[in-house]
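1. What shape does this take:
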Amino acid sequence: MLGDYSWLQLVQMVVILMAAGLAAGLVAGLFGIGGGFVVVPVLLVVFGSFGIDQSVLMKTAVATSLATICVTGARSAYAHYKKGAVDMQIIKDWAPWIVLGAIIGTLLTRVLDGSSLKIIFSVGVFLMGLHFVFPSKNNVRFRFSAEMPQGAVLAPIATGLGAFCAMLGIGGGTPAVMIMTACDRKIHQAVATAAGFGVLIAVPGTIGNMIVGWGAEGLPAGSVGYVNLIAAAAVVSMSVFTAPVGAKLAHSLDGVKLKRYFGVYLILTSIWVFYKAVA
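-> Just a heads-up that it's a prediction; the model follows:
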């Protein structure tokens, strides 16, 4: 456990995670996502190198990633809200179901073993990787409807989104944007509203993981349940600075090439995580 290591080793861990925070913030700003796709793999490597028990390794990585999104997602959502870009009616309609889904996803995280969670993560990341490698014009691959889902259709979609993202440790920006643009919402409004979705997923997911992981054996020092506060603080301390930088760069760099490079990273990451799950 981390508590058995020297201060030097703990400092090394924090420095590595701060670097991951820099990358996560940059990616979040560039692509309008929460950064979990960067944070979770790095946490797997760092925690794994410190000998964290395999039974809690993936669960701790996912839960800690959600904790970072509570801060970075809220900051992003508030910035979009001040600009009037967030569709508050969609947030209100979707919020109960997304929160319910996040709770369900957290409970599933508790009962699934580490290998199963890695497989779920690898599949999800692979699909998101394909989305970035083959970007469509204005993020719109197809038009599903001129209106957002309502009533009986809304509940399973929003609940499934919340559960899926809670198990992956991500804010759900990419799938949420895909859903909204397919329902004829403008891309800027979709990205802004998806930032709010990230908070709705991350907050109950973080609290839930603190509760269901309470007393679990093999957790690293500084953990409350499955959430490692030391790692979360290290990541957040840097990502809040680079997220605005990424947002600015997004307007000056070749977005299509950047998305493809990031997509390749996601696909390679998914293959690595899948290998770790079955090896």
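
2. CA only for contacts and neighbour counts going forward, please
-> Will do.

3. which residues touch stretch 222-234?
-> 14-15, 17-18, 21, 56, 59-61, 63-65, 67-68, 206, 209-216, 219-221 (C-alpha atoms under 8 Å, 6 or more residues apart in numbering).

4. That stretch: which residues count as buried?
-> 223, 224, 225, 226, 227, 228, 229, 230, 231, 232, 233, 234 (16 or more other C-alpha atoms under 10 Å).

5. mind checking the backbone torsions on the residue most central in space within the chain?
-> Closest residue to the average C-alpha location of the chain: residue 170 at 1.6 Å, with C-alpha atoms, centre = their mean. Backbone torsions of residue 170, given as degrees, to the nearest 10, read phi -120, psi 160.

6. isn't it right next to residue 39, touching?
-> No: if you go by C-alpha atoms under 8 Å, residue 170 and residue 39 don't touch, sitting 9.0 Å apart.

7. Check the gap between the residue nearest to the centre of the chain and residue 179 for me.
-> 16 Å (C-alpha to C-alpha, to the nearest Å).

8. Residue 8: how many residues sit nearby?
-> 9 (other C-alpha atoms under 10 Å).

9. in the helix ranked longest in the chain, what's buried?
-> Ordering each helix of the chain by length in residues (DSSP state H) puts helix 54-82 first. Within helix 54-82, the residues that count as buried by 16+ other C-alpha under 10 Å are 54-81.

10. got the contact list for the next helix or strand after that helix?
-> Note on helix 54-82: by DSSP states H and E, the next helix or strand toward the C-terminus is helix 88-111. Contact with helix 88-111 is made by 59, 117, 154-156, 158-167, 193, 196-197, 200-202, 204-205, 208-209, 212-213, as judged by C-alpha under 8 Å, 6+ apart.

11. Repeat the analysis, applying 6 Å as the threshold.
-> Residues from elsewhere that reach helix 88-111 (C-alpha atoms under 6 Å, 6 or more residues apart in numbering): 155, 158, 159, 160, 162, 163, 166, 167, 200, 201, 205.

12. Give me the buried stretch members for it, please.
-> For helix 88-111, burial by neighbour count (16+ other C-alpha under 10 Å) applies to 90-91, 93-95, 97-110.

13. roughly how far is the strand or helix carrying residue 233 from the heart of the chain?
-> According to DSSP H and E, residue 233 maps onto helix 229-249. Distance, stretch centre to chain centre, for helix 229-249: 13 Å (C-alpha atoms, centre = their mean, to the nearest Å).

14. The helix or strand that that helix is followed by - contacts with which helices or strands?
-> Later in the chain than helix 229-249, the nearest helix or strand by DSSP H and E is helix 255-278. Counting contacts by 3 or more C-alpha pairs under 6 Å, 6 or more residues apart in numbering; DSSP states H and E, helix 255-278 packs against helix 114-133.

15. Please repeat the previous calculation with a cut-off of 10 Å.
-> helix 7-31, helix 36-49, helix 114-133 (3 or more C-alpha pairs under 10 Å, 6 or more residues apart in numbering; DSSP states H and E).

16. among the ones you listed, which is nearest residue 245?
-> helix 7-31 (6.6 Å; C-alpha to C-alpha).

17. so where is the protein shaky, pLDDT-wise?
-> 1-6, 31-34, 135-146, 247, 250-251, 253, 255 (pLDDT under 70).
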